[in-house]
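Participant: sequence and predicted model, in that order:
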Amino acid sequence: MDSENLHRRLKKIIGQLNAIDRMIDEDVPCENILMQINASKSALHKVGHIIVEGHLEHCIKESMEKGDTDEALADVSTILEYYSRI
């Protein structure tokens, strides 16, 4: 997993959230605030997607190569359950 990429993305999201907080204090129109909230949600969703991809590429693939297909399938199921809640 490319942790530098994830950290960079998370710092950007934190910046977006701080900007939203300021927008509320500055009485910015609701539409503009909601647009920024949506952008933050999308960015956070992308971080989750990258983490899921990394998990599939490393952990699941490793389990499959060892022959632990039941464990790998259970793990995929758990990951999909968590990710679908985002």
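Facilitator: Sure, I can see it.

Participant: give me the distance between the residue nearest the centre of the chain and residue 63.
Facilitator: Centroid-nearest residue in the chain: residue 48, 2.2 Å away (criterion: Cα atoms, centre = their mean). Per Cβ to Cβ, to the nearest Å, residue 48 is found 21 Å from residue 63. All C-beta atoms are positioned from the backbone trio N, CA, C, and that covers glycine.

Participant: same check on residue 81?
Facilitator: 17 Å.

Participant: likewise residue 8?
Facilitator: For residue 8, the distance to residue 63 (Cβ to Cβ) stands at 29 Å.

Participant: between those two, who's got more neighbours?
Facilitator: The neighbour comparison of residue 8 against residue 63 (other Cβ atoms under 10 Å) goes to residue 63, with 18 against 11.

Participant: what residues are up against the residue nearest to that one when sequence neighbours are not counted?
Facilitator: Leaving aside its sequence neighbours, residue 63 sits nearest to residue 72 (Cβ to Cβ, 6 or more residues apart in numbering; 3.8 Å). Taking Cβ atoms under 8 Å, 6 or more residues apart in numbering, we find residue 72 in contact with 60, 63, 64.

Participant: redo the residues you listed as CSV? Include secondary structure and pLDDT.
Facilitator: Output for those, formatted as CSV (DSSP: H, G, I helix; E, B strand; the rest coil; pLDDT from 0 to 100):
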residue, secondary structure, pLDDT
60, helix, 83
63, helix, 82
64, helix, 82
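
Participant: closest one to residue 44 out of these, please.
Facilitator: residue 60 (22.5 Å; Cβ to Cβ).

Participant: OK, contacts around that closest one?
Facilitator: Residue 60 makes contact with 72, 75, 76, according to Cβ under 8 Å, 6+ apart.

Participant: which one of those is nearest residue 38?
Facilitator: Of those, the one sitting nearest to residue 38 (Cβ to Cβ) turns out to be residue 76, at 28.8 Å.
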